[in-house]
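Enquirer: This is a predicted model, with the sequence first.
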Amino acid sequence: MKTISIRELHLFTGRLVRRAGNRESMVITDHGKPIATLQPYMRLQPGRGFTPDHEKWVSSLRRISVDSADLIAEDRGG
């Protein structure tokens with residue numbers, strides 16, 4: 001992943017944002033210390049949910065037979 005300074009980001013904002021739009025991620029540094037990332041915007045395709053890994057993880061979660069409203073009310077003391 002490319003590393004750029006805040007100064008470079010300031011000087012070349014348009015160029016760097018277009019590069020990120022072309023699927024190139026960058027780490028932004030302040031005095032050599034990583035502070036942020038500039039990365040492409042990833043839009044989910046219509047009709048598609050999360051990634052297969054995420055769907056697999058969600059389906060592996062234990063199911064409970066308690067109404068969440070009851071749990072919240074109990075947590076709030078009411």
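Expert: Structure received.

Enquirer: Low-confidence bits of this protein, can you list those?
Expert: Counting by pLDDT under 70, the chain contains low-confidence ranges at 43-52, 78.

Enquirer: Recalculate using a threshold of 90.
Expert: Counting by pLDDT under 90, the chain shows low-confidence ranges at 1, 21-23, 40-78.

Enquirer: Helices of the chain, residue ranges please.
Expert: 6-11, 13-21, 52-60, 68-75 (DSSP state H).

Enquirer: Put together CSV for the ones you listed, with distance to Thr37 and mean neighbour count on each row.
Expert: From N, CA and C alone the C-beta is placed, and that goes for glycine too. Shown next, in CSV, are the helices of the chain (distance: least, CB to CB, whole Å; neighbours: other CB atoms under 10 Å):
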stretch, distance to Thr37, mean neighbour count
helix 6-11, 11, 12
helix 13-21, 9, 13
helix 52-60, 20, 9
helix 68-75, 34, 9
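
Enquirer: got JSON lines for those helices, with distance to Ile28 too?
Expert: Converted to JSON lines, the helices of the chain look like this (distance: least, CB to CB, whole Å):
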{"stretch": "helix 6-11", "distance to Ile28": "6"}
{"stretch": "helix 13-21", "distance to Ile28": "9"}
{"stretch": "helix 52-60", "distance to Ile28": "27"}
{"stretch": "helix 68-75", "distance to Ile28": "39"}
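
Enquirer: closest to His31 out of those?
Expert: For the helices of the chain, proximity to His31 was assessed by CB to CB; helix 6-11 is nearest, at 8.7 Å.

Enquirer: what does that closest one contact?
Expert: Contact partners of helix 6-11, identified using CB atoms under 8 Å, 6 or more residues apart in numbering, comprise Leu16, Ile28, Thr29, Asp30, Ile35, Leu38.

Enquirer: Out of those residues, which is nearest to Asp75?
Expert: Taking CB to CB as the measure, Asp75 lies nearest Ile35 of the contacts of helix 6-11, at 36.2 Å.
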